[in-house]
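[1] Pasting the sequence and the predicted model now:
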Amino acid sequence: MPNLDSFIRIPKDRIAILLGPEGKTKTYIENRLKIKLDIDSQDGGVTIILTEEQTDPSMLLRSKDVVTAIGRGFAPDVAFRLIRNEDDVFDLIDLRLVFGRSDTDIKRIKSRIIGSEGKTRRLIEELTEADVTVYGHTIGIIGNYEEANAARHAIQMIIEGCEHKTVYKYLQRKRTEMKKEKMQLWETPTKDR
């Protein structure tokens, strides 16, 4: 198999988090995903290399998501959801793509997404069961497809200027729908006797 690798850059202040105490976070990622991380702490460059043990090239993408999630503000144990559960996805909203380089608009929207004392972000997480982080000019989301999609939609509503109460109503409705779908998965049809 040819040597496959991928390069990404993360903020320098997140390199220590990616390494972890005594290199334990880096080692955990490498061992679980059967990859090698080559980290340049000077510029934040991270090269992800598949090892000979790893025969699945899609692990390059999974590894990239884990490293990017940590680089964009997630605690390693939250980013490890992407390792533990193959149904979980990582989604990233770059506020610069919406507002350009307007620091004032980005700061305002980040404040609205976080909410007073973190209430809005916490409610998005509780009602969707996705994890959300606000870091720099990005919003990161980790959850299964349905959870991440609901969280993204709620964040888009805030970006578009919806009132918080409208977003909360959407989240409550979505939570009910997702619970109902989960219940239907567990129900087994009974046969007529």
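    Received it, and whenever you're ready, just let me know what you need.
[2] What helices and strands are in contact with the helix ranked longest in the chain?
    What stands out as the longest helix in the chain, according to DSSP state H, is helix 164-186. Helix 164-186 makes packing contacts with helix 119-128, helix 145-159 when contacts are defined by 3 or more C-beta pairs under 8 Å, 6 or more residues apart in numbering; DSSP states H and E. The way it works is simple: take the backbone N, C-alpha and C, and place the C-beta from them, glycine included.
[3] out of those helices, nearest to residue 184?
    helix 145-159 (13.0 Å; C-beta to C-beta).
[4] can you pull the buried residues of that closest one?
    Residues of helix 145-159 classed as buried: 146, 147, 148, 149, 150, 151, 152, 154, 155, 157, 158, 159 (neighbour count, 16 or more other C-beta atoms under 10 Å).
[5] do the same with stretch 39-55
    Across stretch 39-55, burial judged by 16+ other C-beta under 10 Å covers 39, 44, 46, 48, 49, 50, 54.
[6] hmm, who's touching that stretch?
    Applying C-beta atoms under 8 Å, 6 or more residues apart in numbering, the contact partners of stretch 39-55 are 1, 3-12, 14-15, 18-19, 26, 33-38, 57, 59-60, 63-64, 67, 71.
[7] Of the residues you listed, grab the buried ones for PyMOL.
    Of the contacts of stretch 39-55, the buried ones go into a single PyMOL selection, burial set by 16+ other C-beta under 10 Å:
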select buried, resi 10+14+15+18+19+26+33+35+36+37+59+60+63+64+67+71
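[8] Which members of the contacts of stretch 39-55 are positioned in strands?
    5, 6, 7, 8, 9, 35, 36, 37, 38 (DSSP state E).
[9] before we move on, the earlier item: could you dump the helices and strands packed on helix 164-186 into JSON lines and include distance to residue 177?
    Converted to JSON lines, those look like this (distance: least, C-beta to C-beta, whole Å):
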{"stretch": "helix 119-128", "distance to residue 177": "11"}
{"stretch": "helix 145-159", "distance to residue 177": "9"}
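[10] So which of the ones you listed is nearest residue 93?
    When those are compared by C-beta to C-beta, helix 145-159 sits nearest residue 93, at 6.3 Å.
[11] how far does the closest one sit from the chain's center?
    12 Å (C-alpha atoms, centre = their mean, to the nearest Å).
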